[in-house]
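A.B. asks: Quick one: sequence and predicted model below, then my questions.
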Amino acid sequence: MKRNFLLLFFLSVLLQINIYSQQSAAPERIILNLTENPSREIAVTWRTEQQFTNSEIQFAQSTSWIEFKNNVIKVPAIEENFMTDDGKAVYHYSAILKNLQPKTNYLYRVGHDSIWSEWNQFTTASNENIPFKFLFIGDPQNDIKEHCSRVFRQAYKTAPDAALLLFTGDLVTNTSDILWSEFFDAGGFIFRTIPSILTPGNHEHKLVKVDGKFQRSKILDPSWNVHFTLPENGPKEFKESSYYVDYQGVRFIILNSHYNVKEQAVWVEKVLQNNSNKWTVAAFHVPIYSMGSGRDSKVTREPLMPLFDKYGVDLVLTGHDHAYGRSKKIYGGKVVPDSSKGTVYVVSVSGPKMYALNPLYKDLMAKTAANVSLFQVIYVEKNQLKYQSFTADGNLFDTFFLTK
Ligand SMILES: [Fe+2]
């Protein structure tokens, strides 16, 4: 009896060790990102807690059954070793899948040896300007697992066929590993199946002590670059945080608004000059018109707004102010008729942290609100851009149309 007990105990310890090694070896934080060529490429990034030199992505065109497995292409991953804020060595992997067919369903999985993620499905962009929709999500930042999970999931329920997710920064209130874990848990399979484009906010920049006080530096926290694989077609200094992507007739210009916005504006002008897309959407963290009480940030307004006017940017999507504000059509800092040339400016928030509303730009706004967690679905149609903002519980909150 005693011998049997010892044997059972020994087997149970072995099982525990095996379960532990399986868990820590399993790919996690898997995310799709758009590249600058979304009809032909897609980027995949993930990490493990154990190091594997043979990590790879396997992918194939989707089939209705499992026969796609006969046509799998293997792509070795690039590995980046990373030390988390709590002193844990982890291993991030990434690869860009290339030579894909436009408007085609693909399956992929990531891993190594016998430990693999599930097969995830995604669709490449069309190489024609056909209608699509995308999701725009403002600052999650705080209590991400507790409160933002339902917002991300409601967004997916509202637009499960969204072509992309656009985040405008402050994904996490600090770049601790535990908060990144919450962000990826909240996104779950959505991040694995709908590609994201993201830009950092102030909270993804490193904290430094100046004169005894902590403040955000110009240095993007290294956890940003290891978690995402974003385009590098922007200014050199802003690798994977300022860039542009053309998607089915829309030019998305993504900026890191945390510093040197004036210098980035030189690049923005070039990107706006050489733009044959029907629609232009600019997205960054710090709003043109501050919605948070006591704020009036000129950091983006002064260098960028004259360019948005000159080159006819249609829509500017931002966060940072923990409130909601959607402007009327604006040109030269003034409200213009809907039929005139002008830009609509939006500030939105998805997380639970809220600020009181700023009355400063009330006259320019079509809709403002405090204390409401939101997500937006934006439909790009042939001659129309339809914008809808929804509350966390799925009710339509704000809507407008732009026509061309
Ligand atoms: Fe912010």
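C.D. replies: Here it is on my side, so go on. For clarity, every value in this text was computed on a predicted model and none was experimentally measured.
A.B. asks: CA only for contacts and neighbour counts going forward, please
C.D. replies: Noted.
A.B. asks: Which residue comes closest to Leu307 once chain neighbours are left out?
C.D. replies: Closest residue to Leu307 apart from its sequence neighbours, by C-alpha to C-alpha, 6 or more residues apart in numbering: Glu269 at 6.6 Å.
A.B. asks: quick one: that neighbour is in a strand?
C.D. replies: No: assigned with DSSP: H, G, I helix; E, B strand; the rest coil, Glu269 falls outside any strand and is helix.
A.B. asks: Just give the closest residue to Glu36, not the sequence neighbours.
C.D. replies: Using C-alpha to C-alpha, 6+ apart, the closest residue to Glu36 is Val245 (4.9 Å).
A.B. asks: The residue nearest the centre of the chain: what's it in contact with?
C.D. replies: Centroid check for the chain by C-alpha atoms, centre = their mean gives Leu198 as the closest residue, at 3.3 Å. Listed by C-alpha atoms under 8 Å, 6 or more residues apart in numbering, the contact set of Leu198 reads 166-169, 230, 241, 254.
A.B. asks: So for it, what's the pLDDT?
C.D. replies: You'll see Leu198 listed with a pLDDT of 98.
A.B. asks: where does it fall, phi/psi-wise?
C.D. replies: The phi and psi values for Leu198, taken as degrees, to the nearest 10, are phi -140, psi 150.
A.B. asks: still on that earlier bit, what's the spacing between the residue nearest to Leu307 and Leu304?
C.D. replies: Applying C-alpha to C-alpha, to the nearest Å, the value for Glu269 to Leu304 is 9 Å.
A.B. asks: neighbour-wise, which of these two wins?
C.D. replies: Using other C-alpha atoms under 10 Å, the more surrounded residue of Glu269 and Leu304 is Leu304, with 20 against 15.
A.B. asks: For that one, give me the backbone phi and psi.
C.D. replies: For Leu304, the backbone dihedrals are phi -100, psi -40 (criterion: degrees, to the nearest 10).
A.B. asks: can you count the residues close to the residue nearest to it when sequence neighbours are not counted?
C.D. replies: For Leu304, ignoring the flanking residues on the chain, the nearest one in space by C-alpha to C-alpha, 6+ apart is Ala265 at 6.2 Å. Residue neighbour count, defined by other C-alpha under 10 Å, stands at 19 for Ala265.
A.B. asks: got the buried residues for the host helix or strand of Ala265?
C.D. replies: Element membership for Ala265 (DSSP states H and E) is helix 261-273. Neighbour counts over helix 261-273 (16 or more other C-alpha atoms under 10 Å) mark 261, 264-265, 267-268, 272 as buried.
A.B. asks: How about stretch 313-333?
C.D. replies: By 16+ other C-alpha under 10 Å, the buried positions in stretch 313-333 come out as 313-331.
A.B. asks: quick check: mean pLDDT across that stretch?
C.D. replies: pLDDT averaged over stretch 313-333 gives 98.
A.B. asks: got a list of what the residue nearest to Glu36 touches?
C.D. replies: Val245 touches 34-38, 231, 251-253, counting by C-alpha under 8 Å, 6+ apart.
A.B. asks: Beta-bridge partners for it, please?
C.D. replies: As for beta bridges, Val245 partners with Phe252 under DSSP bridges.
A.B. asks: between the contacts of Val245, which is nearest Gly187?
C.D. replies: Of all those, Leu34 has the smallest distance to Gly187: 16.3 Å, by C-alpha to C-alpha.
A.B. asks: Name the SS class of Lys298, please.
C.D. replies: Lys298 ends up coil, using three-state DSSP.
A.B. asks: which ones are touching it?
C.D. replies: Ile288.
A.B. asks: pLDDT wise, what is Phe214 at?
C.D. replies: Phe214 is given a pLDDT of 86.
A.B. asks: Kindly report the same for Leu207.
C.D. replies: In this model, Leu207 is scored at 87, pLDDT.
A.B. asks: Quick check: it vs Leu135, distance?
C.D. replies: Leu207 sits 30 Å away from Leu135, going by C-alpha to C-alpha.
A.B. asks: These two: who's more crowded?
C.D. replies: Counted by other C-alpha under 10 Å, Leu207 and Leu135 do not tie: Leu135 has more neighbours, with 27 against 19.
A.B. asks: Good, wrapping up.
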